[in-house]
Structure formats: C-alpha cells, structure tokens
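Chemist: Coordinates for the following, if possible.
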Amino acid sequence: MEPVSATPQTPVVVPELLDALRADLTTAGYTVEHVAELLGPVASGALDRGESLPALRATAPGAPAGGDPAAVLTRAFVLGAPVRADALAGALPTLGVEGARRLGLVDAAGHGSADEVRATVDLRPYAATDGTGEAAWWVASDLGELATGAALRTDHVLGVGGASVTLAQATVRDPRRRVLDLGTGCGVQALHASRHAQHVVATDLSARALAFARFTTALAGLGPDRVELRAGSMLEPVAGDAFDLVVSNPPFVITPRRADVPAYDYRDGGRSGDDLVRDLVTGVGAVLAPGGVAQMLANWEVRDGEEWHERIGAWVDASGLDAWVVQRDEQDPAQYAETWIRDGGTTPADRDAWTSRYGAWLDDLASRDVAAVGFGVVTLRRPVDGPPTLRRLESVTGSVRQPLGPVIAAGLAAHDLVRGLSDTALADLRLVHAPDVTEERYLQPGASDPRVVLLRQGGGFGRTVQVGTALAAFVGACDGELTAGQIIGALGALLDVPASDVAADVLPTVRGLLADGLLTPA
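Modeler: Take a look at the predicted model:
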C-alpha cells in the first residue's frame, strides 16, 4: 500500500465542549479495563495482534455488549467503523453528535445510511503504571491502518505505542520543577510528566502532532500553565532554557534517504543513519540544569568489527554527561528493514514496493558497513559539579519488571552513594537485602557444600549474580542489625581467616550489589 497523501483534520480545542466530552467519557466508563471486559479476551487478544474482526463483532449493535456506551465509543474511535448517529448521541449525551463534529472528532460516514457518522480521529483510553503509580487518560491521534484500511500518511500522528509505554515506564518520576518532552507527538510523555512536574514544555516539528497534543492535554484538564507547546526541530525551540528532566521518544528510525522510500514524521528524523540520535545525545546537556536527567529511546548503528557499545559510548563520552545505556534489542540489517517496512504498511504481498524498499534499506545500511542496529534506553545526567563519574553501558535483553523508572532512579542514587564511600565507610553501613532477592544453591548429589550459589533479583532488570559461599553468607546476614564490618568480622571468625581477607573478598562485590539494588542501606 502506498501512503495516503490527503491530510485529514485534527481535533479542535473548545473548552466548554471538552468539559462535556470529559464528563461523557467518564460516565460511559470508557476505560481500558471496561473496554477489555466488553470485548472479552479473544477479541482483545486479536486486537492486540492487529486483527479487528472479533472486536467489530463484539461491539456490533446486535451483540450482547453492543449497546453499551463504551462499546459504541470503541467501535467508532478505536475500530473506525461507522456508527448510528443516535447511538453516538446516546454514548455522548452531554456533548452530542454536533458537539463531536465541532471538536473535529466525527463526520458523516460518507456511504450507507445518512444517519451514520464515522470518527475522524482515534480517541481511546490509556492506562499505564509509571513511577508515580497507575495513570489513566484519553489520548487522541490519527486513526491507524487497522481502522482506515490504508497505509499511513507520512504526516501520520501516532497514538500510544509500545515505545511510548516503554519510555513512560523507564522515566524517573521524582518531583521536578521543569520537564521537557522533546518530540511530544500526541502528548503521551507530557501527560506522564504532568504528574510530577510543576511545568512541562512539549515540542514537536509537526504542526499536526502539536494539534493532537493540545487536544489530549486539554482533555486531561492541563492548560498552557501546566503544559506549554512549542513548535520546532529538536532542541531549537528550547535553546537557552534549562530543564530538570528531558524525555524524548525521538524519530530515531534509520531510514534510507531515497525518494521512493516514504519518510514518516513520527519515526524518521530526515537525517542520514543515526546522526539525529548522535546529535541529541551529544547536545542535550545544553538544556539540562545541574543534576538534570535526560532519558530517551534510541537506535544506533553497530559497524562491522565493532562492539555494540563502542559507537554509543563515543557519543556519551562527547556529551560530558553521566551516562547509563541499556541495550534492549539488536537486529541484523534484514530484520531491521522488515520491521520498519511493515510499520509503514507495506507487506510482502505488495511485491514490487516490498522488494524495492527492502533493497533500499539493505543498500543504505551496507553503505556504512552496518552489521546490526541496537535499540535501547539512554539515561544521561548533568553533574552538579565536576566531570562525569558514571559510564555504564550494558545489554539487558531478557524480560524486565516494569516500571523501570524507580529502578533507574535508585541506580543513579546508589552510584552516587557507592562512589563516595571508602571501604571503612562501607564497613560502617548497616545493609539489608532487597525483598525481591532470592538465593539459589546447586549441589552435587550427596554434597554438603554447593557448587554454585546465585542471587537472583525478582524485580527491575532481573539480574542474577553468582557469588561465593562467604558473600552468600554475608548477604544472608544483611538484615539491618549489624554493620557490614561486624558481619565480616563474624564471618572471619567462623571461617578461621583474617577479617581483612574476608573484606577483600566481599566488599568489591558488595559495591556492585548496592549499585544494582540487591543490597540497600538500612
């Protein structure tokens, strides 16, 4: 499918009508939980896989749940199906169909009964758990492929996707005075930031994206005093400003710069290779206040003969910032091409377009000797004073326990603690093992001593650390009653070795366990 060129309308902010819409959506129980109940597990699962037919059947007027106001709203604003005007009026009794038209949400269906209307935007409930707890809003965006049956337009404004949720859950959520949502899209990160920031600035190069973000944030009751929208590219709209937190889901996709390969506003930054991400990583420090944190999702190229962390590592070195990079996935050029060609709506069934674009991606990546493309979460921090002290680049490709934001915040704090501790000061601490840490022991049949002892973290990054028997005993004794030094002394007496030898064996790993959250100060 070729991208649709006609530009559809965007929603309009009319305060009194938004108040009516908000009240109606609330009364209808238009929530993630209620919609899932109406659809049932089969239709919900199919919808998650990009198949709408079971959900269309579940919300049809004659279906058991079809008359529920939330089912009417789901059918119209999620599935993009025409609905009877009187059914929509029943689901939105305060706003009414005419009010929905004035907000730019619906229009005549264009075929079939004159009494039918069709949604012109996607408007759906959204709920996610971030570091401040459970959050729920309604988010407006362009209708997607599932609803329109057509390929995405290049100016498509994406709704809530997996990347949006990943970034929201990975963001640190301690109170902040000023937050920047760079590349806000439909405004998802700005919504989350509003829960723990005094003021949010949300920027985007796309005027259509800003229109959707304005509507979404206004529907959430957030005026310009809380969420300020600015137009412009990358850091240009905030030059000279300073923020305590910057969050960004930038257009990081590495796309061939060819006329026959469509570039989508929401994912393609118009730069060669991974230059856009490089410039953001190296430049974001200019708008960070001392102690300020920047977090973003990113792709980076892994060139032939290089390790995955070398290229992104050079960028963080050039940034002059503390850096913690977690690579979550890595794709070879063919996998990467297939992912993003499909994302734009082209499938192998459209053989000519598929083959042309597939070849363009492979040629583009090969021109720079790209062996793979990494994806991950980048956390940067401007030191309060002095040079950066944190440089942590790691690959964590297994499952993690969300939200990660509190884990990352605790990791930054633990780094600062451990870095400033001498061995003497560390020995004076009272420590406790985190409640999600378990110990696993593996013994040969008949043996009294284990061959392998593992400490396993149940939450966060789910780290597993192999330890010796002395360290296992040390961690087991960390209940906050004794200092680390007292435990080491007791272990020395038990093992009949000098306490200094036990300390030399145990304390370096204890620092790592503190940094990773398996141990914490009492």
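Chemist: how about the helices in the stretch 201-350 of the chain?
Modeler: All helices of the stretch 201-350 of the chain, identified by DSSP state H, counting those that start in this stretch, fall at 207-219, 275-283, 308-319, 333-343.
Chemist: my bad, should have said the stretch 351-500 of the chain
Modeler: With DSSP H, counting those that start in this stretch, the ranges of helices along the stretch 351-500 of the chain come out as 351-366, 405-419, 423-427, 469-476, 484-495, 499-516.
Chemist: Next, the angle helix 484-495 makes with the fourth one.
Modeler: Following axes from the mean of the first three to the mean of the last three Cα atoms, to 10 degrees, one obtains 140 degrees for the angle between helix 469-476 and helix 484-495.
Chemist: what residues does helix 469-476 touch?
Modeler: The list of residues contacting helix 469-476 from outside it, by Cβ atoms under 8 Å, 6 or more residues apart in numbering, reads 433, 437, 439, 441, 449-450, 453, 455, 467, 484, 487-488, 491, 494-495, 502, 505-506, 509-510, 513, 518-519. All C-beta spots, glycine's among them, are computed from the backbone N, C-alpha and C.
Chemist: from the residues you listed, which would you call buried?
Modeler: Neighbour-count burial (16 or more other Cβ atoms under 10 Å) is assigned, among those, to 433, 437, 450, 453, 455, 467, 484, 487-488, 491, 502, 505-506, 509-510, 513, 518-519.
Chemist: on that earlier part again, indicate which one of the helices of the stretch 201-350 of the chain is closest to L143.
Modeler: For the helices of the stretch 201-350 of the chain, distance to L143 was read as Cβ to Cβ. The smallest value, 11.7 Å, belongs to helix 207-219.
Chemist: which secondary structure elements does the closest one contact?
Modeler: Contacts defined by 3 or more Cβ pairs under 8 Å, 6 or more residues apart in numbering; DSSP states H and E place helix 207-219 against helix 15-27, strand 133-141, helix 188-194, strand 197-204, strand 227-231.
Chemist: Show me the one of those that comes nearest A337.
Modeler: Nearest of the helices and strands packed on helix 207-219 to A337, taken as Cβ to Cβ: strand 133-141 at 25.6 Å.
Chemist: Give the pairing partners of that closest one; include direction for each.
Modeler: If you go by DSSP bridges, strand 133-141 pairs up with strand 122-130 (antiparallel).
Chemist: Could you tell me which residues within the strand it pairs with count as buried?
Modeler: Within strand 122-130, judged by 16+ other Cβ under 10 Å, the buried ones are 122-126, 128, 130.
Chemist: go on, stretch 23-41?
Modeler: Result for stretch 23-41 [16+ other Cβ under 10 Å]: buried residues 24-25, 28-31, 34-35, 38-39.
Chemist: want to try JSON lines for those, with pLDDT and distance to R101 as columns?
Modeler: Converted to JSON lines, the buried residues of stretch 23-41 look like this (pLDDT from 0 to 100; distance: Cβ to Cβ, whole Å):
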{"residue": "D24", "pLDDT": "98", "distance to R101": "15"}
{"residue": "L25", "pLDDT": "98", "distance to R101": "17"}
{"residue": "A28", "pLDDT": "98", "distance to R101": "18"}
{"residue": "G29", "pLDDT": "98", "distance to R101": "24"}
{"residue": "Y30", "pLDDT": "98", "distance to R101": "19"}
{"residue": "T31", "pLDDT": "98", "distance to R101": "25"}
{"residue": "H34", "pLDDT": "98", "distance to R101": "25"}
{"residue": "V35", "pLDDT": "98", "distance to R101": "23"}
{"residue": "L38", "pLDDT": "97", "distance to R101": "25"}
{"residue": "L39", "pLDDT": "97", "distance to R101": "27"}
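Chemist: So of those residues, which two are at opposite extremes in space?
Modeler: Maximum pairwise distance in these, criterion Cβ to Cβ, is 20.2 Å, between D24 and L39.
Chemist: Report how many residues lie close to the residue nearest to V407 when sequence neighbours are not counted.
Modeler: Nearest residue to V407, sequence neighbours excluded (Cβ to Cβ, 6 or more residues apart in numbering): G460, at 3.9 Å. G460 is flanked by 22 other residues according to other Cβ atoms under 10 Å.
Chemist: Quote the end-to-end distance of stretch 476-487.
Modeler: End-to-end distance of stretch 476-487 (Cα to Cα, to the nearest Å): 10 Å.
Chemist: I meant to write stretch 458-473 there.
Modeler: Stretch 458-473 has an end-to-end distance of 19 Å (Cα to Cα).
Chemist: how far out from the middle of the chain is it?
Modeler: Mean-position distance between stretch 458-473 and its chain equals 27 Å (Cα atoms, centre = their mean, to the nearest Å).
Chemist: Go through it and flag the buried ones.
Modeler: 459-461, 463, 465, 467, 470-473.
Chemist: could you dump those residues to a markdown table with pLDDT and distance to V396?
Modeler: Output for these, formatted as a markdown table (pLDDT from 0 to 100; distance: Cβ to Cβ, whole Å):
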| residue | pLDDT | distance to V396 |
| --- | --- | --- |
| G459 | 94 | 13 |
| G460 | 94 | 10 |
| F461 | 96 | 5 |
| R463 | 96 | 8 |
| V465 | 96 | 14 |
| V467 | 95 | 20 |
| A470 | 92 | 27 |
| L471 | 95 | 22 |
| A472 | 95 | 23 |
| A473 | 95 | 28 |
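Chemist: out of the helices and strands packed on helix 207-219, nearest to G269?
Modeler: G269 sits nearest to strand 197-204 of all those, at 12.0 Å, using Cβ to Cβ.
Chemist: Just want the angle from that closest one to strand 227-231.
Modeler: Calculated by the same axes, to 10 degrees, strand 197-204 forms an angle of 20 degrees with strand 227-231.
Chemist: So what touches strand 197-204?
Modeler: 175-185, 187, 189-190, 193-194, 210, 213, 217, 225-232, 237-238, 241, 243-245.
Chemist: and with 6 Å instead?
Modeler: Here strand 197-204 makes contact (Cβ atoms under 6 Å, 6 or more residues apart in numbering) with 176-184, 190, 193-194, 210, 213, 227-230, 232, 237.
Chemist: hey, which of the helices of the stretch 201-350 of the chain is tucked in deepest?
Modeler: Greatest average neighbour count among the helices of the stretch 201-350 of the chain goes to helix 207-219 (a mean of 24), per mean count of other Cβ atoms under 10 Å.
Chemist: Surely V139 is in contact with A128?
Modeler: No - using Cβ atoms under 6 Å as the test, V139 is too far from A128 to be in contact (10.6 Å).
Chemist: how much space is there between H192 and Q169?
Modeler: Shown here: H192 relative to Q169, a distance of 9 Å by Cβ to Cβ, to the nearest Å.
Chemist: any shared contact partners between the two?
Modeler: Counting by Cβ under 6 Å, 6+ apart, the residues touching both H192 and Q169 are D130.
Chemist: out of those two, which sits in the more crowded spot?
Modeler: Each of H192 and Q169 had its neighbours counted (other Cβ under 10 Å), and the higher figure belongs to H192 (28 against 21).
Chemist: For that one, list the residues it contacts.
Modeler: Each residue near H192 by Cβ under 6 Å, 6+ apart is listed here: 130, 168.
Chemist: Please apply the same query to A20.
Modeler: The contact partners of A20, by Cβ under 6 Å, 6+ apart, come to 94-95.
Chemist: Now with 10 Å, please.
Modeler: Shown in contact with A20 (Cβ atoms under 10 Å, 6 or more residues apart in numbering): 14, 92-96, 99-100, 103.
Chemist: who wins for neighbours among the residues you listed?
Modeler: Result: A100 is most packed of these (other Cβ under 10 Å), 28 neighbours.
Chemist: any idea which element that residue lies in?
Modeler: For A100, the enclosing helix or strand under DSSP states H and E is helix 96-102.
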